[in-house]
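> predicted model follows, preceded by the sequence.
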Amino acid sequence: MEVIAQTTVNALYASSYTALMAVGLALIFGVMGIINFAHGNLFMVGAYAVWWLYAVNGWPFFLAVAGAIMVVGAIGLLMERMLFRPMRDNPLGGLIMSVGVLFILEVLAVFFGLGLMKHVPPIYPGSVVIFGIPGATIPWQRLVVIGAAVLLLGTLWAFLRQTRLGWALRACAQDREAAALQGIPINKFALLAMGLGAALAGAAGGVMAPIVQVDPYIGHKMIVTAFIVIIVGGIGSLEGAVLAAILYAFFHTWVTTYIGGGIATTLGLVLMLVVLVVRPTGLLGTAERG
């Protein structure tokens, strides 16, 4: 019972930050049609921003996370306006641009003396016992990650479902040409999508900073996981990204617990291939219109 409770809560924690990353990536692709390989390094920038604001300069943790969201969101806006917009009709060019940004952000992190691993103290030290089961605990910082993910994804869902801007953004994601014919400014909403998607990656990096090893390369594993999740969920489907993040996190956590991390990652790739064979559009994806 102790192992089951511990593994289940660990899976919930893993699914929370994975969903933040995957939803941001799916939103960018859905509206812009660009595969953003730099998304993992936006996570890295968010983690470094919290280290600088919270651990070095003494800002309150949640204020530092808000600062990280704004910094990374601003980087996303610049990427869309200066790099991705000129490549809108050239998906391969946009992909190459994103790979270039990936390397630039890593080089800048090293150039400014950030190459060594940074330590970010947790906002709430210690752990809490799970369901009253002795030996089954979860650190308070991981609960902060879960709470932040629920809050941010819930706010995004309300924005997309309850506001006119959200409706227009969803229309752009479903069919850009039809949205343009209805008078929706595609440039404006591509900018909004990129800003929101980048901000979610920055938020994930910010709340995870006290847990992960903050270095220039922490985004590599995150982007691989996010790609697996959005492919399984259905590229461009936000609901699919959340569902796949939960399923993948539980699968990976349970396999890691009972077999090993390397096997879990390999089996995760196998799971992705099986889903694509059975349902090429992913769990909640739809076939592209002809």
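Good, I have the coordinates. Numbers count the residues shown, from 1 in each chain.
> and Phe227, how many neighbours does it have?
19 (other Cβ atoms under 10 Å). In short, each C-beta sits where N, CA and C put it, glycine included.
> ramachandran coordinates for the nearest residue to it once chain neighbours are set aside?
Excluding its sequence neighbours, the residue lying closest to Phe227 (Cβ to Cβ, 6 or more residues apart in numbering) is Leu25, at 7.4 Å. With angles defined as degrees, to the nearest 10, Leu25 sits at phi -70, psi -40.
> ok, the one 10 residues further on next?
Geometry field for Ile35 lists phi and psi as phi -90, psi 110, criterion degrees, to the nearest 10.
> returning to that earlier point: so what's the residue count around the residue nearest to Phe227?
As a measure of burial, Leu25 has 29 neighbours, counting by other Cβ under 10 Å.
> which residue ranges form the helices in the stretch 1-150 of the chain?
2-32, 39-50, 61-79, 91-111, 140-162 (DSSP state H, counting those that start in this stretch).
> thinking again about what came up before, hmm, Ile228 and the residue nearest to Phe227 touching each other?
No - look at Leu25 against Ile228 with Cβ atoms under 8 Å: they stay out of range, at 10.9 Å.
> for the helices of the stretch 1-150 of the chain, which one sits closest to Leu181?
For Leu181, the closest of these is helix 2-32, at 16.0 Å, according to Cβ to Cβ.
> tell me which other helices or strands the helix or strand where Thr266 lies touches.
Using DSSP states H and E, Thr266 sits in helix 261-278. Helices and strands touching helix 261-278, as assessed by 3 or more Cβ pairs under 8 Å, 6 or more residues apart in numbering; DSSP states H and E, comprise helix 219-233, helix 238-258.
> where's Thr281 relative to Val232, distance?
Here Thr281 is placed at a distance of 11 Å from Val232 (Cβ to Cβ, to the nearest Å).
> I meant to write Pro280 there.
12 Å.
> try Glu2
Distance from Glu2 to Val232, by Cβ to Cβ: 30 Å.
> compare those two (neighbour count), which wins?
Val232 (29 against 13).
> skipping adjacent residues, who's closest to that one in space?
Ala244 (4.2 Å).
> run through the residues that contact that neighbour.
In this structure, Ala244 makes contact with 22, 229-230, 232-234, 282-283, judged by Cβ atoms under 8 Å, 6 or more residues apart in numbering.
> compare those and tell me which is most surrounded.
Ala22 (33 neighbours).
> hang on, isn't it packed against Ala226?
Yes - counting by Cβ under 8 Å, Ala22 touches Ala226, with 4.7 Å between them.
> who touches both of those two?
Joint contacts of Ala22 and Ala226 (Cβ under 8 Å, 6+ apart) do not exist.
> shaky segments in the chain?
The model of the chain has pLDDT under 70 over residues 1, 112-116, 131-135, 286-290.
> start and end of stretch 170-182, how far apart?
13 Å (Cα to Cα, to the nearest Å).
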